[in-house]
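> heads up, no residue letters with this:
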Ligand SMILES: Cc1cc2nc3c(=O)[nH]c(=O)nc-3n(C[C@H](O)[C@H](O)[C@H](O)COP(=O)(O)O)c2cc1C
């Protein structure tokens, strides 16, 4: 029996979220390292690769870790709107997820995450004595100095809407997932 269009849409949407969540657990998943785009304080467009740490499917929130002093934190504090871009060659799917990004640098959840990170090699990413992007006039080198306190912070990217593009040999498919539900688009 052929499935109804609504059934097909629900299945694709469920698969998208399932793949996004898998990406947080599977180091080889292409969606583990999406590109997060932002608008800087002076309206400058910027984008960088990040690691997708957690996806809350029910709340539609993506979690990313960063240094509190990084340029993206200042950018999102001024312009919370961002975009997560994911491409998977395996799935032949591109996602462009419009998000609202909030910065969390304190509170029990952030401290719980830091307690887990501080014992790992990744801790040094949040303990640099100088802010990311600072000019190193003496060139690269190892420093034993550490930032006190740590500069770990959590970015929570809340889903606004998504543009899904599926490449296919027979033809491409595209849809928008938003508060208006699923809308098919010309690819
Ligand atoms: C594979 C990969 C994963 C990365 N993951 C993160 C990350 O999870 N968080 C982060 O702040 N930077 C991450 N980076 C570094 C960023 O791409 C970027 O260089 C850095 O955060 C500074 O960006 P900003 O100046 O725009 O804030 C990653 C880079 C690569 C290549």
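Structure's in. What do you need? Note that the structure is a prediction, hence the values are computed from the model and not measured.

> contacts, neighbours, all on C-alpha from now
Fine.

> any residue of the longest helix belonging to the chain touching the ligand?
The residue-count maximum for a helix in the chain (DSSP state H) belongs to helix 5-25. No: judged by CA under 6 Å from any ligand atom, helix 5-25 and the ligand are separated, with a smallest distance of 11.3 Å.

> that helix: which residues count as buried?
Buried residues in helix 5-25, defined by neighbour count with 16 or more other CA atoms under 10 Å: 9, 17, 19-24.

> lowest pLDDT pick from those residues?
Model confidence across the buried residues of helix 5-25 bottoms out at residue 9, which has 95.

> need the contact list for that one.
Neighbouring residues of residue 9 by CA atoms under 8 Å, 6 or more residues apart in numbering: residue 182.

> how about the residues of this protein near the ligand?
So the chain meets the ligand at 33, 48-51, 64-67, 70-72 (CA under 6 Å from any ligand atom).

> report the contact partners of residue 50.
Contacts of residue 50 by CA under 8 Å, 6+ apart are 33-36, 64.

> among the residues you listed, name the ones in strands.
35-36, 64 (DSSP state E).

> which of those count as buried?
In the ones in strands among the contacts of residue 50, the ones that pass as buried (16+ other CA under 10 Å) are 35-36, 64.

> return the subset of the residues of the chain next to the ligand lying in helices.
Residues of the residues of the chain next to the ligand located in helices (DSSP H): 71-72.

> out of the residues of the chain next to the ligand, which are buried?
Buried among these by 16+ other CA under 10 Å: 33, 51, 64-67, 71-72.
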